[in-house]
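Student: Here is the input, now give the coordinates:
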Amino acid sequence: MNILVTGGTGYIGSHTCIALLESGHSVIIADNLSNSKSESIKKIIDISKKEVTFFEIDVTDEEAVDHIFRNHEIDGVIHFAGLKAVGESVEKPLEYYYNNVVSTMVLTKACQTYGVNRFVFSSSATVYGDNTVPFVETMSLLPTTNPYGETKAMSERILTDFANVNPSFSVSLLRYFNPVGAHESGLIGESPNGIPNNLMPYVTQVAKGKLHNLRVFGNDYPTIDGTGIRDYIHVLDLAEGHVAALENQTEGVHVYNLGTGKGTSVLELVKAFEEANDIEVPFEIVDRRPGDIASCYAETSKAKRELGWSAKRDIVTMCRDAWRFEKNNME
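Tutor: Model (predicted):
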């Protein structure tokens with residue numbers, strides 16, 4: 001299939017492009033490079049030994065998106081493009097609502113116009129809000145803890161409503177948790193612009209000496225050690241989950257959690273990183289971030305049952321791969 005991947009030069013998008021290419025699909029990437037770099041394209045090609053088509057556009061731009069659909073035979077869309085920092089979304093709600101929701105509407109309209117009936121949406125566990133863990137796909141959504149979660153829930157509703165009146169439209173809503181790690185080649189990984197919002201690149205940059213110490217946001221949560229618990233999943237497992245969802249799509253709306261099903265606290269992750277790589281990560285406890293919840297991990301049996309997918313890589317592998325990429329990253 002010929003797949004349009006929005007946000008395809010980003011962290012999860014680039015790994016998914018490689019997984020798609022390795023599975024025999026062709027890839028068109030649309031990305032505005034707001035939180036990624038064009039060098040990702042060359043690295044995707046170097047790893048996969050296959051060509052990709054790249055458009056530097058913002059997918060809220062209806063005319064630019066239409067140009068891609070008009071000039072390429074597209075069989076499906078995987079939609080990653082979006083702003084993604086929970087704390088930042090609390091500070092900049094309008095930017096998040098516009099960017100994340102409008103892009104989904106623009107892409108869905110293009111799919112309708114050009115008869116594209118496969119759509120995989122990069123959603124998030126944040127749509128569950130402060131539900132009881134483990135999170136199950138049938139739970140009511142409670143994303144009101146932050147605007148980022150609201151934008152994901154709104155996009156899910158838009159795609160669901162559209163599919164309900166277009167029976168041939170196939171939508172997979174992938175709610176995933178905390179992707180970490182990097183490609184085993186060490187060529188691509190998580191390399192955000194500025195100070196990282198996510199834990200693992202923050203840890204690797206501290207370990208490298210690029211940042212002075214790790215800030216742990218809160219140690220008074222009702223968890224094993226007071227720090228937030230998350231379901232960390234290797235980015236390659238996550239990428240393979242997107243390919244499995246695409247290749248196993250049937251008509252209608254299907255929701256899947258992509259995670260390991262196991263929660264790990266911030267301090268447990270730091271300890272695992274130190275032991276896996278024999279390096280110390282200095283940290284300090286600071287105030288909680290707005291919008292964060294205490295615990296977040298998945299119930300993942302549905303994805304295994306219906307897609308034949310499950311996470312294979314453990315936390316040690318995640319830590320080793322992330323550190324290998326950071327050491328290779330010369331910035």
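Student: use CA for all of it now, contacts and neighbours both
Tutor: Fine.
Student: show me where this structure has helices.
Tutor: Along the chain, the stretches classed as helices by DSSP state H are 11-22, 39-48, 62-71, 86-91, 93-97, 103-114, 147-165, 199-208, 235-247, 266-277, 301-307, 315-328.
Student: List the buried residues for the fourth one?
Tutor: Of all the residues in helix 86-91, those buried under the rule 16 or more other C-alpha atoms under 10 Å are Val86, Gly87, Glu88, Ser89, Val90.
Student: And that helix, what does it pack against?
Tutor: Judged by 3 or more C-alpha pairs under 8 Å, 6 or more residues apart in numbering; DSSP states H and E, the packing partners of helix 86-91 are helix 147-165.
Student: you'd agree Ala303 is up against Gly259?
Tutor: No - assessed by C-alpha atoms under 8 Å, Ala303 is found out of contact with Gly259, at 9.4 Å.
Student: Now tabulate the buried residues of helix 86-91 in CSV and tack on distance to Met154 and pLDDT.
Tutor: Shown next, in CSV, are the buried residues of helix 86-91 (distance: C-alpha to C-alpha, whole Å; pLDDT from 0 to 100):
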residue, distance to Met154, pLDDT
Val86, 16, 81
Gly87, 18, 82
Glu88, 18, 88
Ser89, 15, 90
Val90, 16, 90
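Student: can you tell me which of those lies nearest to Asn178?
Tutor: Val86 (12.2 Å; C-alpha to C-alpha).
Student: list the contacts for the closest one?
Tutor: Asn146, Pro147, Tyr148, Gly149, Gly291, Asp292 (C-alpha atoms under 8 Å, 6 or more residues apart in numbering).
Student: How about Ala311?
Tutor: Going by C-alpha under 8 Å, 6+ apart, Ala311 touches Ile233, His234, Asp237, Leu238, Leu258, Gly259, Thr260.
Student: before we move on, the earlier item: just send the helices of the chain back as CSV, with distance to Thr132 too.
Tutor: Listed next are the helices of the chain as CSV, based on distance: least, C-alpha to C-alpha, whole Å:
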stretch, distance to Thr132
helix 11-22, 27
helix 39-48, 38
helix 62-71, 39
helix 86-91, 19
helix 93-97, 26
helix 103-114, 28
helix 147-165, 16
helix 199-208, 23
helix 235-247, 23
helix 266-277, 19
helix 301-307, 17
helix 315-328, 23
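Student: which of these has the lowest average pLDDT?
Tutor: Sorting the helices of the chain by mean pLDDT places helix 86-91 lowest, at a mean of 87.
Student: Leu142: which of the buried residues of helix 86-91 is nearest?
Tutor: Looking across the buried residues of helix 86-91 and measuring by C-alpha to C-alpha, the closest to Leu142 is Val86, at 14.5 Å.
Student: Would you check how far apart the closest one and Asn219 are?
Tutor: For Val86, the distance to Asn219 (C-alpha to C-alpha, to the nearest Å) stands at 18 Å.
Student: same deal with Phe283?
Tutor: With C-alpha to C-alpha as the criterion, Phe283 and Asn219 are 12 Å apart.
Student: ranking the contacts of Val86 by neighbours, who comes first?
Tutor: Tyr148 (29 neighbours; other C-alpha atoms under 10 Å).
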